[in-house]
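**Student:** Sequence first, predicted model second:
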Amino acid sequence: MEQIDWKDEKYSVGNDEFDHAHKKLIGLINQLYIYINEGVAREKINDILEQLTIYTKEHFSKEELLMINKDYPDLVAHQLEHKLFISELAKLHDKYRSNKNLISVQLLYFLKDWLISHILQTDKKYATYFKHSS
């Protein structure tokens, strides 16, 4: 798996705060990739998973609040995607903390693919909506 390389023209949703958050999430996934490839201590990997979980929840809350304020029509579907991702991330983190599961390249692909797909498909929809509803 290659690290994710942020490109404004590809990933930007036209909101500086959300673009910054997406860059941070990508950075955390990239850091997790580096740690796993370097065989770093479990504590460091656990720390990245904790940061990813906390920051993801914060970011999703901010996105959803803006969607509520702007009467975004796909709010419920978007919230469901967020909820399912947070649930999967929590399961993964729990398994890792209990030493039942190692972080695999397959997991990294899941995180990378979900985030990229979510930004390019789901988040780009609200970006278009917000741009035309202003």
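**Tutor:** That came through, no problem.

**Student:** from the middle of its chain, how far away would stretch 40-47 be?
**Tutor:** Put simply, stretch 40-47 sits 19 Å off its chain's centre (C-alpha atoms, centre = their mean, to the nearest Å).

**Student:** What mean pLDDT does that stretch get?
**Tutor:** The predicted model gives stretch 40-47 an average pLDDT of 85.

**Student:** got it, and stretch 105-124?
**Tutor:** pLDDT averaged over stretch 105-124 gives 90.

**Student:** buried sites along that stretch?
**Tutor:** Neighbour-count burial for stretch 105-124, counted by 16 or more other C-beta atoms under 10 Å, picks out Leu107, Leu108, Leu111, Lys112, Trp114, Leu115, Ile116, His118, Ile119, Thr122, Asp123. Where C-beta positions appear, they are placed from N, C-alpha and C, glycine not excepted.

**Student:** before we move on, which element is the third one in?
**Tutor:** Assigned by DSSP states H and E, Leu111 falls within helix 105-117.

**Student:** Please name every helix or strand in contact with that helix.
**Tutor:** helix 16-38, helix 75-97 (3 or more C-beta pairs under 8 Å, 6 or more residues apart in numbering; DSSP states H and E).

**Student:** Give the other helices and strands that the first one contacts.
**Tutor:** What it means is helix 16-38. helix 8-11, helix 42-69, helix 105-117.

**Student:** The lowest-mean-pLDDT helix or strand in the chain: what's the following helix or strand?
**Tutor:** Least confident helix or strand of the chain, by mean pLDDT, DSSP states H and E, is helix 105-117 with a mean of 86. Next along the chain after helix 105-117, taking DSSP H and E as the criterion, comes helix 124-133.
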